[in-house]
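Novice: Sequence first, then the predicted structure, then my questions.
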Amino acid sequence: EVQLVQSGGGLVQPGGSLRLSCAASGFIFSDHQMDWVRQGPGKGLEWVGRIRKRVNGYSAEYAASVKGRFTISREDSKSSLFLQMNSLENEDTAVYYCARVRNGDYYIDLWGQGTLVTVSS
Amino acid sequence: DIQLTQSPSFLSASVGDRVTITCRASQGISTDLAWLQQKPGKAPKLLIYAASTLQSGVPSRFSGSASGTEFTLTISSLQPEDFATYYCRQRNSYPVTFGGGTKVEIK
């Protein structure tokens, strides 16, 4: 089955760190760019960032709101995507989704189930 | 950054109604726009991409169109399973941005 299964998340204090994981199966993970998207409680969707493929040097793009604090990485040998979140703020509280970027047209066509991150003291 | 302004933010409609949602981009994005549907507690789902192309498996009652920087999602005959929140999303340039969402509720 083609799917993305997320893990990690939970409660963390402001200033703390957390790492989210996303395990891909049913498709060739290394062939795709991957995104992270988040959704604050009762809010809309916000793009967090993207990591490109090996051929593009695994380069990444980030939203201004997380740049310098969040790092996206991937381990193609394990079909896994990661989001390292440092210096967390209350405003980072959200459900975080990993997502597959479709080759050719760069639209997201597959989403993980989402994982909740709560930043609170 | 490219801003996407969706309207309305909320609409109440009945089963069988024709529904139209608009997304206006702050600058030209060609047809680099997608429409997504999200139900409570679930991940979004791709409905339409490239402004007007129906994603595989999506019912034909959904359609999209574009005119300049204005994009429209139309549901020709609203079904019970269509009550959800709809978002537009542009992939023309970084950062990728989403519209604020349109919640479609039962009248």
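Specialist: The structure has been received and is ready for your questions. Numbers count the residues shown, from 1 in each chain, chains lettered A, B, ... in the order given.
Novice: Next, count neighbours for the closest residue to residue A:31 other than its chain neighbours.
Specialist: Counting by CB to CB, 6 or more residues apart in numbering or on different chains, residue A:31 lies nearest to residue A:103, which is 6.4 Å off, once chain neighbours are set aside. C-beta coordinates here come from the backbone N, C-alpha and C atoms, glycine included. Residue A:103 has 12 neighbours, counted by other CB atoms under 10 Å in any protein chain shown.
Novice: Could you pull up phi and psi at residue A:103?
Specialist: Here the main-chain torsion angles of residue A:103 (degrees, to the nearest 10) amount to phi -70, psi 140.
Novice: Would you confirm that it contacts residue A:28?
Specialist: No: contact criterion CB atoms under 8 Å: residue A:103 and residue A:28 do not qualify, at 9.9 Å.
Novice: can you tell me how far residue B:83 sits from chain A?
Specialist: 17 Å (CB to the nearest CB, to the nearest Å).
Novice: what's the residue of chain A with the smallest separation from chain B in contact with, if anything?
Specialist: Chain B sits closest to residue A:111 of chain A, with a gap of 3.7 Å, by CB to the nearest CB. Contact analysis of residue A:111 by CB atoms under 8 Å, 6 or more residues apart in numbering or on different chains lists A:4, A:97-100, B:43-45.
Novice: switch to 6 Å and redo it
Specialist: A:97, A:99, B:43 (CB atoms under 6 Å, 6 or more residues apart in numbering or on different chains).
Novice: If it is in a bridge, with which residues?
Specialist: Taking DSSP bridges, one obtains residue A:99 as the residues bridged to residue A:111.
Novice: Same question for residue A:35.
Specialist: Beta-bridge partners, per DSSP bridges, of residue A:35: residue A:50, residue A:99.
Novice: Before we move on, what's the pLDDT of it?
Specialist: On pLDDT, residue A:35 comes in at 98.
Novice: In contact with it, which residues?
Specialist: Contacts of residue A:35 (CB under 6 Å, 6+ apart): A:50, A:99, A:101.
Novice: Correct me if wrong: the second one contacts residue A:108.
Specialist: It refers to residue A:99. Yes: contact criterion CB atoms under 6 Å: residue A:99 and residue A:108 qualify, at 4.4 Å.
Novice: Look up which helix or strand the nearest residue to residue A:102 once chain neighbours are set aside falls in, please.
Specialist: Excluding its sequence neighbours, the residue lying closest to residue A:102 (CB to CB, 6+ apart) is residue A:109, at 4.4 Å. Assigned by DSSP states H and E, residue A:109 belongs to strand A:108-111.
Novice: Fine, thanks again, bye for now.
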